[in-house]
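Peer 1: Quick one: sequence plus predicted model below, questions after.
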Amino acid sequence: MKVTVARVYLHESANAHEKILRYLHDEAQVCGATLFRGISGFGRSGEVHTSSLLTLSLDLPVVVEFFDRPERVAEVVKHICTLVDPSHILTFDATAHDPSNGDA
């Protein structure tokens, strides 16, 4: 099945990821979503957000990733663009494999 995957790049301290995850689950009801917490990252500002064993940062990079049918993702991304900077959102085409249909 052809799907679109979307990734929303954020930083933990903004707490936007919580609002986005609730929206994806409760309202948009997309096929699947995952929140990834990075150990290090930087964006347009050049500021590096990092974690080590000695310092546990509470402002690490996070990525919300979700997928669904292309037209559904387009609708959801349109809404998420009202919550975060649209340049922090990437989308790409993918294939979801369904073993019950002979996809392995």
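Peer 2: Perfect, I can see it now.

Peer 1: contacts, neighbours, all on C-alpha from now
Peer 2: OK.

Peer 1: which residues touch Arg72?
Peer 2: The contact partners of Arg72, by Cα atoms under 8 Å, 6 or more residues apart in numbering, come to Val30.

Peer 1: For the one residue sitting closest to the centre of the chain, which non-adjacent residue is closest in space?
Peer 2: In the chain, the centroid-proximal residue (Cα atoms, centre = their mean) is Val64; its distance is 2.1 Å. Excluding the flanking residues, the one nearest Val64 by Cα to Cα, 6 or more residues apart in numbering is Leu35, at 4.6 Å.

Peer 1: The one you found - that's part of a strand, no?
Peer 2: Yes: looking at Leu35 with DSSP: H, G, I helix; E, B strand; the rest coil, it is inside a strand.

Peer 1: how much space between it and Thr4?
Peer 2: From Leu35 across to Thr4, the span is 17 Å (Cα to Cα, to the nearest Å).

Peer 1: which of these two has more neighbours?
Peer 2: Using other Cα atoms under 10 Å, the more surrounded residue of Leu35 and Thr4 is Thr4, with 19 against 16.

Peer 1: OK, contacts around the more buried one?
Peer 2: Thr4 neighbours (Cα under 8 Å, 6+ apart): 67-70, 73, 91-94.

Peer 1: in the protein, what secondary structure element scores lowest on mean pLDDT?
Peer 2: Every helix and strand of the chain was ranked by mean pLDDT, DSSP states H and E. The lowest is strand 48-50, at a mean of 64.

Peer 1: name the helices or strands packed onto the helix or strand that that strand is followed by?
Peer 2: Sequence order places strand 61-68 as the next helix or strand after strand 48-50, per DSSP states H and E. Applying 3 or more Cα pairs under 8 Å, 6 or more residues apart in numbering; DSSP states H and E, one finds that strand 61-68 contacts strand 2-11, helix 16-22, strand 32-37, strand 40-42.
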